[in-house]
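# My questions concern the predicted model and sequence given below.
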Amino acid sequence: MEAVTDSGQRLIFDAGTGARPLGIHLMSNAPKPITAVILVSHTHWDHIQGFPFFIPLFVPGNRFTVCGPKGSNASLPNVLAGQMEYTYFPVELAQLGAAITYRDLGEGTEEIEGVRVWTQSLNHPAPALGYRIEADGASLLYLCDHEPYWESLWDSKAESGKLESILHDGDRRHATFMRNADVVVHDAQYTPEEYPGKKNWGHSTWTYVTSMAAAAGVKNLFLTHHDPAHDDEFLDEIETRARELAASLGSPMRVSCAREGFQTRFRGDPNHIALQEVAAVAGGSRSDLLVLIVDDDEDLRFLARKALARSGYRVIESENGRDGLDQIRSKSPDLLILDLNMPGMDGFEVLRALGSGGAGPLPVLVLTSQGDENSARQSFELGATDFLAKPFTSPQLDARVRSCFSRGGARQAT
Ligand SMILES: [Zn+2]
Ligand SMILES: [Zn+2]
């Protein structure tokens, strides 16, 4: 997807298969030399496979700044070079004619080639960033790929449809990132009927996206990252239903399914921009961050410790709730990973003890058994930050830990 500001600054979001037709279009229509900022959400293949086929990269004199989330296993140029090794592609990354610079981005706000860019982590099995751009009085967000943090959206004690009534802190933060935006382009791969079989794959339903965007006061919503199994007719149906949902929520928001070749022009109101400054990210490396795992399952502790240590965290362990509480007091960890089902003092009791003991803003990632969402809900009410269903993979654990650190005022690694 491409956006161009009034001053001619060109922003390209991801480089999937659309990068090829976009490159051909720019070669015959854009002023030369071609310059652009390419904002990569994450390096899953569907988001970068068009990069080697983007013809302006081959032309000397063209200039590109390629940005992506930091914290992946390999650096951005290494990942892009990987898919251009001679087994896969005839030209290597280093042989491209254009001048390319790379920037790793964390959460926060940055000036990139004269454009203000806000970034925020998405809920995806790999480190992924959402982008918010403000230019010429208009705001645009690109949010791919992202999954709801929690399936039921609204706090049962509050009025549905409002930003502040969103139950899960992560979803509330996600919606707040979109607040009052002129344009939001959002992953909406699944229908709510399909979603239960695709949980933890890192994608949203059109109902989640429409509800979040309506609560956030978004003006124009584009659903994208369509499932390859959905044909045009099916997408028309989703579009109709999403519009009905927005209307039923009392929102004047315009909803469309994104489609190839679509172009439009947005005029923002220079006075409306009401984005909360994204909190400045505290410095420090991940090796400053101490994670405590409390679980009676030795194998799980072993695997979690290995995964977290690989990502650079310091890790300590407890095999029961009582010892865990002692370690919280004596070692002051930055994050607690807590099993609920343990003999003796279980996870709920630990949460209760933490709540009454005034332990401060210690983020808690609760481990539940697959499908046991009542326990997750109950632990939220006791102050847990997030939950992760067992069994989980290392990247899922890493993504959840990262997202716990990025919320609730917790310290965060850069
Ligand atoms: Zn992905
Ligand atoms: Zn994707």
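Arrived safely. Numbering: from 1, shown residues only. Ligands and ions are numbered 1, 2, ... in the order given.
# Which residue does this protein have closest to ligand 1?
Closest contact between the chain and ligand 1, by Cβ to the ion, is at His44 (3.4 Å). Where you see a C-beta, it was placed from the backbone N, CA and C, and this is true even at glycine.
# pLDDT score for Pro363?
Pro363 is assigned 89 on the pLDDT scale.
# what does this protein put close to ligand 2?
Contact residues, the chain versus ligand 2 (Cβ under 5 Å from the ion): 44, 46, 145.
# So the second one belongs to a helix, correct?
Yes - assignment of Asp46 by DSSP: H, G, I helix; E, B strand; the rest coil places it within a helix.
# isn't it right up against Ala15?
No - using Cβ atoms under 8 Å, Asp46 is not in contact with Ala15; the gap is 10.1 Å.
# Looking only at neighbour counts, state which of those two leads.
Between Asp46 and Ala15, Ala15 has the larger neighbour count (other Cβ atoms under 10 Å), namely 24 against 14.
# And that one, which helix or strand is it part of?
Of the helices and strands defined by DSSP states H and E, none includes Ala15.
# so how far is Leu57 from the residue of the stretch 51-200 of the chain found nearest ligand 2?
The nearest approach of the stretch 51-200 of the chain to ligand 2 comes at Asp145, 4.3 Å away (Cβ to the ion). Asp145 sits 24 Å away from Leu57, taking Cβ to Cβ, to the nearest Å as the criterion.
# for the record, mean pLDDT for the one helix or strand Leu354 maps to?
Secondary-structure element containing Leu354, defined by DSSP H and E: helix 347-357. If you average the pLDDT over helix 347-357, you get 86.
# Longest helix in this structure, please.
The helix that spans the most residues within the chain, counting by DSSP state H, is helix 232-248.
# packing partners for whichever helix or strand Phe387 is part of?
Assignment of secondary structure by DSSP H and E places Phe387 within strand 386-390. Identification of packing neighbours for strand 386-390 by 3 or more Cβ pairs under 8 Å, 6 or more residues apart in numbering; DSSP states H and E yields strand 364-369, helix 373-381, helix 394-405.
# Can you lay out the ones you listed as a markdown table showing distance to Glu111 and mean neighbour count?
Formatted as a markdown table, those follow (distance: least, Cβ to Cβ, whole Å; neighbours: other Cβ atoms under 10 Å):
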| stretch | distance to Glu111 | mean neighbour count |
| --- | --- | --- |
| strand 364-369 | 33 | 22 |
| helix 373-381 | 37 | 17 |
| helix 394-405 | 24 | 21 |
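# And those: which comes nearest Gly170?
helix 394-405 (6.2 Å; Cβ to Cβ).
# do that closest one and ligand 1 meet at all?
No - Helix 394-405 stays clear of ligand 1 (Cβ under 5 Å from the ion), getting no nearer than 10.7 Å.
# what is the orientation angle of that helix with strand 364-369?
Between helix 394-405 and strand 364-369, the angle comes out at 140 degrees (axes from the mean of the first three to the mean of the last three Cα atoms, to 10 degrees).
# tilt between helix 394-405 and strand 386-390?
Going by the same axes, to 10 degrees, helix 394-405 makes 170 degrees with strand 386-390.
# what's in contact with helix 394-405?
71, 121, 123-127, 149, 170, 200, 289, 291, 303-304, 306-308, 310-311, 313, 334-335, 337, 363-365, 385-386, 388, 392, 410-413 (Cβ atoms under 8 Å, 6 or more residues apart in numbering).
# okay, it in PDB with CA atoms only?
Only the C-alpha atoms of helix 394-405 are listed here, as PDB (Å, rounded to 0.1, in the frame of the first residue of the first chain):
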ATOM      1  CA  SER A 394       8.500 -19.800  21.800                       C
ATOM      2  CA  PRO A 395       7.500 -16.900  19.400                       C
ATOM      3  CA  GLN A 396       4.100 -16.700  21.000                       C
ATOM      4  CA  LEU A 397       5.600 -16.500  24.400                       C
ATOM      5  CA  ASP A 398       8.100 -13.900  23.200                       C
ATOM      6  CA  ALA A 399       5.400 -11.800  21.600                       C
ATOM      7  CA  ARG A 400       3.200 -11.900  24.800                       C
ATOM      8  CA  VAL A 401       6.100 -11.000  27.000                       C
ATOM      9  CA  ARG A 402       7.100  -8.100  24.800                       C
ATOM     10  CA  SER A 403       3.500  -6.800  24.700                       C
ATOM     11  CA  CYS A 404       3.200  -7.000  28.500                       C
ATOM     12  CA  PHE A 405       6.400  -4.900  28.800                       C
END
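# Many thanks, I have nothing further to ask.
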